[in-house]
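A.B. asks: Need coordinates for the below:
(chains A, B, C and D)
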There are 2 protein chains.
Amino acid sequence: MPAPKSQKKVPSKTTKVEPGKAAKSSKASPPKALPKVSARAEAASNQTDRSTEARIKAAAKKLFTQKGFDGVRTRDIAEEAGINLALLNYYFRNKQALFDIIMWENMQLFLGHILQYFKDNQDPLDIQMQFLSEKYIDMLMDNPNLPFFVLQNMQGLTDIDLSKSGHPMFKEIGKMRNAFLDKIQASIDAGEIKSIHPLHFIANLMGMLIFPFIAKNLLMSRVGNMSNQEFEALMHERKKLIPIWIKNMLAP
Amino acid sequence: MPAPKSQKKVPSKTTKVEPGKAAKSSKASPPKALPKVSARAEAASNQTDRSTEARIKAAAKKLFTQKGFDGVRTRDIAEEAGINLALLNYYFRNKQALFDIIMWENMQLFLGHILQYFKDNQDPLDIQMQFLSEKYIDMLMDNPNLPFFVLQNMQGLTDIDLSKSGHPMFKEIGKMRNAFLDKIQASIDAGEIKSIHPLHFIANLMGMLIFPFIAKNLLMSRVGNMSNQEFEALMHERKKLIPIWIKNMLAP
DNA sequence: TTATTTTTTAATCAAATGATTAAATCATTT
DNA sequence: AAATGATTTAATCATTTGATTAAAAAATAA
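C.D. replies: Next up is the predicted model:
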């Protein structure tokens, strides 16, 4: 009998196509290339988009955000999306490529709002705090698992890794950071707030905004057995309270 | 040729022993039961304990705490511990049983200090804040991955799950919580602090203590490229600052 | 020493899992 | 309708991974 094994190894570049890059005109075998991803890119997370590709992405987003890369099997995604397992690879090449897409979208969601706002806003610090607290907690109530996901996938990344990947978002982050640090410093110089290291300021602010969503189960189950509804009511309260706490905390 | 396959299925109760329960006197086949775990239990996390069992546990603790259950393969643990893969199952039955041990030890570490202190301490609230901030941040500097691990494994647990597992620690948590809530309420009644929902208080306190360790990479890489040493110095600062911030935040 | 028990090793298994293939179905164009 | 290309399916692969087995080695008891 012949040996019908070990005939594949490195996917020959002639038949394989890099994810994201369109297949030019290679007369490759069965699945030619990734379908028109860009054509649908702008319709992201639109509930009315029930295309196969969108269903897979939605399922992947839900599961990856909930359980992380290692906690999800491709079969889970296929089942959640109600599609054949092979379609996942047909549309997204492989698990890692699909995860990377979800990863970047979640990063955008996590930092996008702030980035957009802070980039060229000139309001005084306390107004900025009010806006941020309001918008950010609203976003977190819609995406409660987002902080954990982002932090989880930040764990392994070093500064070098971050700068290596030349994603345009990092330039935005840099700009925002500088604008924000300047704003804090100006407030200190003007005597509006006590002197404080920027990291303390940002850690306190982010901690108060984000921590309840990360520790929700711990807080809910052990601190006054509360319902989801009560939890949401308290998070709603926090939108107004956090700016006040920050202000009091740093009153000169 | 005979068929030397599919002869095992459900581990017959006569030869298998539940993890944690000692094998009585069953004259079972090869590995009789878990070795004298209890005999070494008190020597936990002692660096001088270089026994095989301790090496496996140390390796498992390191990797599980860093990467979670799904992120670690039993082979990783074996390699990290420098032992044969089969020894992991010989000493700890299976991956899940080993993980559970690490899980409970980490829970203890995460809550143990607070539990012990708050159980019957009668100091005023501001003194308690100072003590907690000091000790807890010290502990977190020694175990920076602990919060993420605990929160990660709290994710799936509901209140029912927690009470179902009759671990004695949960009774302690209940006692502590009540004592702490009483203390906060008393301070409010005495007019020492502004009225505040206990969850807000605890979320703010825990958030300020814990969040920097969860978001370390995010904070370090994007907020003023700092070294580990600088980060540690700032965490050291926070030990004194957090009680002050809390106090100012809630000044009546 | 010899016998017995405990510990360790190498080899292997079975199930799970990411990925691929070839054929079938569907849609679009000519 | 026929041809062409895109999408979907069922079956299967190859590898990884948690776990087991049988035998060897080491330690302990007799």
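A.B. asks: Residue ranges in chain A under the pLDDT threshold?
C.D. replies: Low-confidence segments of chain A, defined by pLDDT under 70: A:1-48, A:156-170, A:173, A:221-225.
A.B. asks: Report whether stretch A:106-115 contacts chain B.
C.D. replies: No - on the criterion Cβ under 8 Å from any Cβ of the partner chain, stretch A:106-115 is out of touch with chain B, staying 9.3 Å away. The C-beta positions use only the backbone N, C-alpha and C, and glycine is treated the same way.
A.B. asks: same check, this time on stretch A:117-136
C.D. replies: No - under the criterion of Cβ under 8 Å from any Cβ, stretch A:117-136 makes no contact with chain B; the nearest approach is 12.8 Å.
A.B. asks: shouldn't residue A:239 be in contact with residue A:138?
C.D. replies: Yes - taking Cβ atoms under 8 Å as the definition, residue A:239 is a contact partner of residue A:138 at 7.5 Å.
A.B. asks: Where does the spatially most central residue of chain A sit, in terms of helix or strand?
C.D. replies: Closest to where the C-alpha atoms of chain A average out (Cα atoms, centre = their mean) is residue A:106, at 1.9 Å. Per DSSP states H and E: residue A:106 is located in helix A:95-118.
A.B. asks: same question, residue A:122
C.D. replies: Residue A:122 belongs to no helix or strand when assigned by DSSP H and E.
A.B. asks: ranges for the helices of the stretch 101-250 of chain A?
C.D. replies: Using DSSP state H, counting those that start in this stretch, the helices of the stretch 101-250 of chain A run over residues A:125-142, A:146-154, A:159-164, A:168-189, A:198-214, A:216-222, A:228-249.
A.B. asks: how about the ones you listed in TSV, adding distance to residue B:204 and mean neighbour count?
C.D. replies: Shown next, in TSV, are the helices of the stretch 101-250 of chain A (distance: least, Cβ to Cβ, whole Å; neighbours: other Cβ atoms under 10 Å in any protein chain shown):
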stretch	distance to residue B:204	mean neighbour count
helix A:125-142	13	17
helix A:146-154	16	21
helix A:159-164	29	12
helix A:168-189	20	15
helix A:198-214	6	23
helix A:216-222	11	20
helix A:228-249	7	17
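A.B. asks: Need those in JSON lines (columns: distance to DNA strand C).
C.D. replies: Listed next are those as JSON lines, based on distance: least, Cβ to the nearest atom of the strand, whole Å:
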{"stretch": "helix A:125-142", "distance to DNA strand C": "28"}
{"stretch": "helix A:146-154", "distance to DNA strand C": "16"}
{"stretch": "helix A:159-164", "distance to DNA strand C": "21"}
{"stretch": "helix A:168-189", "distance to DNA strand C": "25"}
{"stretch": "helix A:198-214", "distance to DNA strand C": "25"}
{"stretch": "helix A:216-222", "distance to DNA strand C": "24"}
{"stretch": "helix A:228-249", "distance to DNA strand C": "29"}
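A.B. asks: Select, out of those, the one closest to residue B:246.
C.D. replies: With Cβ to Cβ as the measure, helix A:228-249 is the member of the helices of the stretch 101-250 of chain A nearest residue B:246 (8.4 Å).
A.B. asks: follow-up on the earlier one: just so I know, which of the helices of the stretch 101-250 of chain A lies nearest residue B:147?
C.D. replies: Nearest of the helices of the stretch 101-250 of chain A to residue B:147, taken as Cβ to Cβ: helix A:198-214 at 9.0 Å.
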